[in-house]
Structure formats: structure tokens, C-alpha cells
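Q: please find the sequence and the predicted model below.
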Amino acid sequence: MASQVVNLRVNERSREFLAAPGTSLLSSLRDALGLMAAKRGCAQGSCGTCTVLLDGRPVMSCLVAVETVDGASVRTLEGVARDGELDEVQAAFLEGFATQCGFCTAGMIMSAEALLDRNPDPTREDVVEAISGNVCRCTGYGPIVDAILDAAARRRP
Amino acid sequence: MAKLRGRGYASVNYPTGMNLGGDPSQALIHATTTGTFVVSLSSVDLGQGLKTVVAQCAAETLGLPMENILVDTADTDTGPHCMGTFASRGTHRVGNAVIMAAAEAREVMLAVAAEELEVDAGDLETDGTGYIQVKGAEEKRVHITDLALAAHFTHGRTISGRGIFLKEKNDPVPETGEMDPDSCQAHACTVAVVEVDDETGVVEVLEMHNAYEIGRALNPAMVAQQVEGGAWMGMSHALFESTEPYYPTRDHGPGDFNEYLMPGPADIPMYHNAILERPAGNGPFGAKGIGEMTANAPIPAIANAIFDACGVRLDTMPFTPERVLRGLDELRGNHH
Ligand code: FES
Ligand code: FES
């Protein structure tokens, strides 16, 4: 099958590119669009470091064939900061020392954004559930859970 | 059938660095035209925070703000020598080398400032915000940005410094085995509280209390990260991680994160961590190494807590439900 033109709305900008059939959304973001925040940890859906929001829902972008989501809107970590200002989740991660090597961080933050979008007032259990598909090898998870709860508190009016 | 609770502890003395034929690390520092001090190293930061600690050591020694330090871990082919980031040696070895390099660079910086201000270098001090000034006459001062420019374009000086920390080779005494293999020792103790389900064999860690004596904590927030991340890793080794407990053959071992078990965010215990600071004489600002040791004490502490909970003495990691149940069977006299 021939490559086809795919249109995505990525971080509120229309992007158009060519993709061979079966190319993952992750590869398209990294290789075609140069958006390197989402990482390729396992390429089989078990680490979560490639998490992005697809039409507002968190997905493991390594498992999504990009031609199947033509026309969708995608949000990556690059689209989280506003006018150069960190958003509440990013700021809480930074100030709460919720990152060490940083390899999991992009995916953790996108999972957190998705959680806070649908549930602005999560319990600790809600947070744990929301990041249960994201592997972190460094932090022991505690600081990450704390940072997401802190972000929820910062975002509340 | 019951959930049995137990408590165990374990301690560790952990050597900083090692000494197989001498253990050196080097650092080079130079100022750019705009007064950024580049610290060149071959020591790699893979998330343990070496760049941050090294920048702190350089800034403190130079008397300049952290913003003026740029740590370049470049390339082990072309950079100054480093044995590597292992044996919890990074902060101690590299920190010491950076302090030595920064002290030499500071001397040059003050000498050039003395030329620029036409005063004696001995009368100069840094104010920590970027100025070099005359003691007691602070209006006579020059900012490092202007000074670095002047060094390059007026005085023809290179503001730079060289540093090395070498732990010399020490051979064991053949008769006694006595030797001096490390530079200092950090100490820690973990108390673990666990619950053992005597029907399923599942062990849950409820609490971990960790006390660490690590010399000076150069960056307390990063020490806290290391202790908590290490405690998690110790728990992971103790209860989950292995490529082994699958059978009948090696081919059935875990090949990815779906099969290679690790504790997730729902499995973390309540932590209580305490840091004791007793500065080490040969450490950078008194620091010892806190690295690998953070995963050490949790493992025997958990083993001891399992023994306390149910009487099963496990000495093979990980302490899987199967091993716990086999141990319980043996205690009950049920042999298969
Ligand atoms: S790279 Fe997609 S889940 Fe690991
Ligand atoms: S910070 Fe290293 S994997 Fe999470």
C-alpha cells in the first residue's frame, strides 16, 4: 500500500504529512513532525512514556496507527506550556522534584493532564489509577503522585 | 487464613568510591567571554543529579551564582578523565575535582579583577551575586560579565582552572588483608513493616523507615529523592524483580514490562526518612556518596520482616508468593 497524506491538528496547529501504512502516531510525532517530548520506551504499549492526548483522551501513541486517526486532534507535552509559562502540572512536577532522569516525565504529565481535565478534584487513588500505565524507574512514584495532587490544588479556583 | 504483620530492620555501611589501582576524576573550568564558567567533565549524568551538585560546588567555590555555571559532560574521548559514575563516587570524586578546579579559576579571576580595579587581589571578595568587590569599599567593584570580557579583550588572560581528585592505589597487606579501599563510608538503616497473606503468600510492604548518615547533604531535596527512589528499588528487588522465577526454561522468562514485574504507584508504602549529617573530612563540603546504598538495606529489612511475620526465612530474591508459601508449607510440615 502506498503512503498517504495524513492531517492532524497537533497542539492547535494543522499539520499535514505523508505516512506509510501502519506508521505509529508516536513515530509520526517524532520523525515527521519533530516533536520529541513523547518518548519511545517499549513501542508495545507497556511503559506509557509515549502518552499523548488524542481528542482529549490519553493514548499510548506507539499503539495507534496514524492513518486511522486522520483528522483527529492531538495534544503533546509541547502544547502544555502557555506563552512560555509552565502550566500547573509542569510547575508542580518541577517544584515537587517529581522527575529524576526525566524519561517518564512527558508521559506522566500527559496522563495527569487527562485526569485533571475530566476530574479536577481527584483523590490519591484516582491519581494512582490514572498513572498506573506509566512506568517510572527512578522516583518510586510518591513524588509524582504528590505533584499531581498539588497541580489539582493549584488549578482549583 | 490470616494477614500476618511483621517488622524487620537492616543496616548498611557503604563505601564511597573504590580503589583498584587508583581512582581519579578530573575537571576543567574556563570562563567564556560573558562570564559563564564552563565545567568540562567526562562524568555522565543519567538522572542522578550530578550536574546539579557539580554546579553547586563550582558556584560555591567561585563565589558566583548558579546561573553562571554551565556543566558540559561532553564526550569521554575528548573530556578530562573520569573513572565513571559508579560506586557512589560521583559527588565525592567529581565534586572534589570541581572544587579544586574552581579554586584555581577563582584565583585567576581575582588576579584579573585586581588588574582591572588597580587594587591588590588580597583585598578582593565575591558577593555571591556576580560582583567582585573591594572588602570594606563595595562601591569599587566589577561584574563578572564585564571582567570576563576585559580578561579576553584587554588583559589577554584566560580565567580557568584544573582539578583532579585521586584516591591513590592501596594494596592489601598480605598477612592481614588490611587495606584502604574507599574514601569514606556512609551508613544507613531501614526498618520495614510488612503484611504477609498466609493463604496467597503475597507480601505487602506497609511502612519503610530509613535513616541515613551521608556526610553533608549538598542538595537535601535530591537526597530525599534518592532515598525514596532507592527504597522503592530495594522493595522492587526484594519482592518483584527477577528474570528467573519462570519455568520450565529460560525462554519463559520475562521479555518486557508486561511480564517483568515492578511495584507500581499503588504498591508504595508509607515512608519516613531521616537524614543525619556528619561532614566527612575528605568530602566536597563534607559530602559522602549516597547512591546505590539506598537500595541495599530495604532488601534484608523486608526479609527480616517476613521472618518476623510468619517465621519463613527467605534467602533468595525475590520473595515471591511461591517462595513464601513453600516456606509456610515447610513450617507446617507439609512436604510436596
Ligand atoms: S513506547 Fe508506547 S507504551 Fe512504551
Ligand atoms: S524519572 Fe526516570 S523514569 Fe521516571
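A: Perfect, thanks for sending it. Ligands and ions are numbered 1, 2, ... in the order given.
Q: strands of the chain, start to end?
A: Answering for chain A, as no chain was given. Ranges of strands in chain A, per DSSP state E, are A:4-10, A:13-19, A:51-54, A:57-60, A:73-75.
Q: nope, chain B please
A: All strands of chain B, identified by DSSP E, fall at B:3-15, B:23-31, B:37-40, B:69-72, B:124-126, B:131-134, B:137-143, B:160-167, B:185-197, B:203-213, B:270-276.
Q: out of the ones you listed, nearest to residue A:42?
A: Minimum separation from residue A:42 across these (CB to CB) falls at strand B:203-213, 26.2 Å. In this view, the C-beta of every residue, glycine as well, is placed from N, C-alpha and C.
Q: what average pLDDT does that closest one get?
A: For strand B:203-213, the mean per-residue pLDDT is 97.
Q: list the helices and strands that strand packs on?
A: Using 3 or more CB pairs under 8 Å, 6 or more residues apart in numbering or on different chains; DSSP states H and E as the contact test, the elements touching strand B:203-213 are strand B:185-197, helix B:220-239, strand B:270-276, helix B:298-310.
Q: residue B:297: neighbour count?
A: Counted with other CB atoms under 10 Å in any protein chain shown, the neighbours of residue B:297 add up to 27.
Q: kindly report the same for residue B:148.
A: Neighbour count for residue B:148, taken as other CB under 10 Å: 24.
Q: quick one, what contacts residue B:147?
A: Going by CB atoms under 8 Å, 6 or more residues apart in numbering or on different chains, residue B:147 touches B:35, B:109, B:112-113, B:116, B:132.
Q: most neighbours, which of those residues?
A: Among the contacts of residue B:147, residue B:109 has the most neighbours (other CB under 10 Å), with 29 neighbours.
Q: wait, that residue sits on residue B:31?
A: Yes: Residue B:109 is within contact range of residue B:31, at 7.3 Å (criterion: CB atoms under 8 Å).
Q: with respect to ligand 1, which of the strands of chain A lies nearest?
A: Nearest to ligand 1, of all the strands of chain A, is strand A:57-60, at 4.2 Å by CB to the nearest ligand atom.
Q: now the closest one: buried residues?
A: Neighbour-count burial for strand A:57-60 flags A:58-60 (criterion: 16 or more other CB atoms under 10 Å in any protein chain shown).
Q: what is the neighbour count of the closest residue to ligand 2 within the stretch 51-200 of chain B?
A: Closest approach between the stretch 51-200 of chain B and ligand 2, counting by CB to the nearest ligand atom: residue B:52, at 14.2 Å. Counted with other CB under 10 Å, the neighbours of residue B:52 add up to 17.
Q: ok, it - contacts?
A: Going by CB under 8 Å, 6+ apart, residue B:52 touches B:219, B:222.
Q: do you know how far the closest residue to ligand 2 within the stretch 101-250 of chain B is from residue B:184?
A: At 8.2 Å from ligand 2, residue B:229 is the closest residue in the stretch 101-250 of chain B, using CB to the nearest ligand atom. Computed as CB to CB, to the nearest Å, the residue B:229 to residue B:184 distance reads 22 Å.
Q: could you do residue A:64 as well?
A: 51 Å.
Q: circling back: Throw the buried residues of strand A:57-60 into JSON lines and include distance to residue B:290 and pLDDT, thanks.
A: Output for the buried residues of strand A:57-60, formatted as JSON lines (distance: CB to CB, whole Å; pLDDT from 0 to 100):
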{"residue": "A:58", "distance to residue B:290": "35", "pLDDT": "97"}
{"residue": "A:59", "distance to residue B:290": "38", "pLDDT": "98"}
{"residue": "A:60", "distance to residue B:290": "35", "pLDDT": "98"}
